[in-house]
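# Take a look and give me a structure for this.
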Amino acid sequence: MQRFTVSIEPKLAAEFDALIERRAYGNRSEAFRDLLRAELERQRDAEDPQGWCVACLSYVYNHHERDLAERLNDLQHAQHDLIVSTMHAHLDHDNCIETVLLRGPTLAVRRFADGVCAERGVHHGHLNVISVDTPTTGQHRHGLLQSPHLHFKPST
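Predicted coordinates:
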């Protein structure tokens, strides 16, 4: 771990300390690391839209909306190569929340998420993207019984 000093104005320091308290960080260093990771992620995404990612798409939808559940299911099946897992929970008599874990090319993941969130009846859609180092070419196994797979290591 490297150590460096940052000087900031008292007002900005007070706002930073308030943020640390609201988010329950243990110290300024961890809060600063998270802010730095978020900014680096934003820059990576802007500079390299062809990169790879892991992502979490969450959305709420009204399951009474005509054919919506079937349309969402069709979208997921059409992009099955991106989807790692899906979790579905009932919020009340009308609304459901779904969380879809994704991995693959960032552009394809974003297009899938945009398509899901644009469906009539989908509300509160949010995509959290984490860049990963480009997977090594070719799949490999760790043992004779394991399926071939790629590794997705976070970039930061």
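# In space, what's closest to residue 127 - neighbours in sequence excluded?
Ranked by Cβ to Cβ, 6 or more residues apart in numbering and with sequence neighbours excluded, the top spatial neighbour of residue 127 is residue 113, at 4.2 Å. (Each C-beta comes from the backbone N, C-alpha and C, glycine too.)
# my read: the one you found touches residue 125, true?
Yes. Residue 113 lies in contact with residue 125 (Cβ atoms under 8 Å); the separation is 7.1 Å.
# The two: which has the busier surroundings?
Each of residue 113 and residue 125 has its neighbours counted (other Cβ atoms under 10 Å); residue 113 has more, 24 against 17.
# The more buried one: helix or strand, and which one exactly?
Here residue 113, judged by DSSP states H and E, is contained in helix 106-118.
# going on from that helix, what's the next piece of helix or strand?
Past helix 106-118, the next helix or strand by DSSP H and E is strand 122-132.
# Just want the angle from that following strand to helix 106-118.
170 degrees (axes from the mean of the first three to the mean of the last three Cα atoms, to 10 degrees).
# How far off centre is strand 122-132?
Centre-to-centre, strand 122-132 and its host chain are 5 Å apart (Cα atoms, centre = their mean, to the nearest Å).
# packing partners for that strand?
With contacts taken as 3 or more Cβ pairs under 8 Å, 6 or more residues apart in numbering; DSSP states H and E, strand 122-132 sits against helix 28-47, strand 52-62, helix 106-118.
# at 6 Å instead, please
Applying 3 or more Cβ pairs under 6 Å, 6 or more residues apart in numbering; DSSP states H and E, one finds that strand 122-132 contacts strand 52-62.
# What pairs with the strand it packs on, parallel or antiparallel?
strand 95-105 (antiparallel), strand 122-132 (antiparallel) (DSSP bridges).
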